[in-house]
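**Student:** A predicted structure for the sequence below; I have some questions about it.
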Amino acid sequence: MRVAILSSGGKDSASAWWWALCQGWDVDYLVTMCVTSGDSMMFQVPGTEIVEHQARLAGIQWVPIKTNGEQEVEISHLEDGLKRLDIDALVTGALRSDYQKSRIERMCHSLGIISYNPLWHQSPLDHITGLVANGFGVMITSVACEGLDQSWLGKILDNQSLDDLIKLSNHHRFNVDGEGGEYETIVVSGPHFTGSLVIDGQVNWYGRRGELSIDSVSVSLNC
């Protein structure tokens with residue numbers, strides 16, 4: 001099975017990618033939708049340039065596809081990009097967005113390939129704890145909810161910070177996996193990488209929300 005991963009560089013994409021590798025499939029491409037307008041109904045906007053560096057660490061090809069993020073048009077941009085690839089399936093990290101999942105499934109049917117969504121309706125707590133337990137370096141790059149302040153920006157989740165996140169999510173009643181937009185992530189290390197990414201950036205705080213602006217990315221290879 002030759003597959004492409006629809007990847008934004010975040011935790012959901014990384015988890016779906018790892019799932020595909022565990023099936024014994026050939027992951028030939030990381031496909032990233034690069035939104036030029038700053039807004040999209042389907043795809044993550046900030047931090048997607050990180051996927052190019054993730055692809056280098058995994059030794060596979062990165063396929064960036066530009067879109068202006070226009071509703072109901074951006075999916076056609078993805079379809080046009082996938083037509084050029086020799087693949088049997090597309091694997092996504094869709095968790096609970098019926099809007100995204102249904103459109104990708106229809107597009108894959110049109111292309112004659114299979115759509116896999118291995119995380120679909122996975123328990124939020126199981127999802128985030130499983131990533132940390134399996135050695136994924138999940139860095140929080142933006143926060144936008146009560147309970148998460150600027151100290152979380154640039155933090156890589158470990159057992160202690162995950163425990164703190166769970167407690168805050170219970171107290172403030174936000175989604176612990178960030179599926180409601182409470183926070184965004186990038187993955188800087190994991191079992192599918194030959195090294196890790198070193199991020200240099202600046203924290204931008206806007207009163208009740210904030211983001212990590214990435215200035216540079218370097219690669220640290222495993223010895």
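**Tutor:** Done, it's in. Because the structure is a prediction, the values reported are computed rather than measured.
**Student:** Give me the distance between Met107 and Tyr99.
**Tutor:** Shown here: Met107 relative to Tyr99, a distance of 13 Å by CB to CB, to the nearest Å. C-beta: built from backbone N, CA, C; applies to glycine.
**Student:** Also Arg56?
**Tutor:** Counting by CB to CB, the gap from Arg56 to Tyr99 is 32 Å.
**Student:** So between those two, which is more surrounded?
**Tutor:** Comparing Arg56 with Tyr99 by neighbour count (other CB atoms under 10 Å), the higher total belongs to Arg56, at 16 against 11.
**Student:** how about the residue nearest to Gly38 when sequence neighbours are not counted, what does it touch?
**Tutor:** Computed as CB to CB, 6 or more residues apart in numbering, the closest residue to Gly38 that is not its neighbour in sequence is Val45, at 6.0 Å. Counting by CB atoms under 8 Å, 6 or more residues apart in numbering, Val45 touches Val35, Gly38, Asp39, Gly69.
**Student:** Also Asp177?
**Tutor:** Lys11, Leu95, Pro124, Leu125, His127, Ile128.
**Student:** host element of Tyr99?
**Tutor:** Secondary structure assigned from DSSP states H and E places Tyr99 in helix 98-111.
**Student:** Ends of stretch 73-87, what's the gap?
**Tutor:** Chord length of stretch 73-87, first to last residue, is 23 Å (CA to CA, to the nearest Å).
**Student:** ok, residues contacting that stretch?
**Tutor:** Residues from elsewhere that reach stretch 73-87, judged by CB under 8 Å, 6+ apart: 2-4, 6, 28-29, 31, 33, 35, 40-43, 63, 65-68, 90, 103-104, 107, 110-111, 113.
**Student:** I'd like to know which of those are buried.
**Tutor:** Those of the contacts of stretch 73-87 that meet the buried threshold are 3-4, 6, 28-29, 31, 33, 35, 40, 42-43, 63, 65, 67, 90, 103-104, 107, 111, 113, by 16 or more other CB atoms under 10 Å.
**Student:** Go through these and flag which are in helices.
**Tutor:** Using DSSP state H, Arg103, Ile104, Met107, Leu111 are the members of the buried ones among the contacts of stretch 73-87 that sit in helices.
**Student:** Looking at those, spot the one nearest Lys155.
**Tutor:** Ile104 (30.7 Å; CB to CB).
**Student:** hang on, isn't Glu184 packed against Gly47?
**Tutor:** Yes - with contacts defined as CB atoms under 8 Å, Glu184 counts as touching Gly47 at a distance of 6.8 Å.
**Student:** Overlap of the contact sets of these two?
**Tutor:** Shared between the contact lists of Glu184 and Gly47 (criterion: CB under 8 Å, 6+ apart) are residues Gly10, Thr141.
**Student:** helices or strands up against the least confident helix or strand in the chain by mean pLDDT?
**Tutor:** When the helices and strands of the chain are compared on mean pLDDT, DSSP states H and E, strand 210-221 comes out lowest with a mean of 91. With contacts defined as 3 or more CB pairs under 8 Å, 6 or more residues apart in numbering; DSSP states H and E, the packing partners of strand 210-221 are helix 50-58, strand 137-143, strand 195-205.
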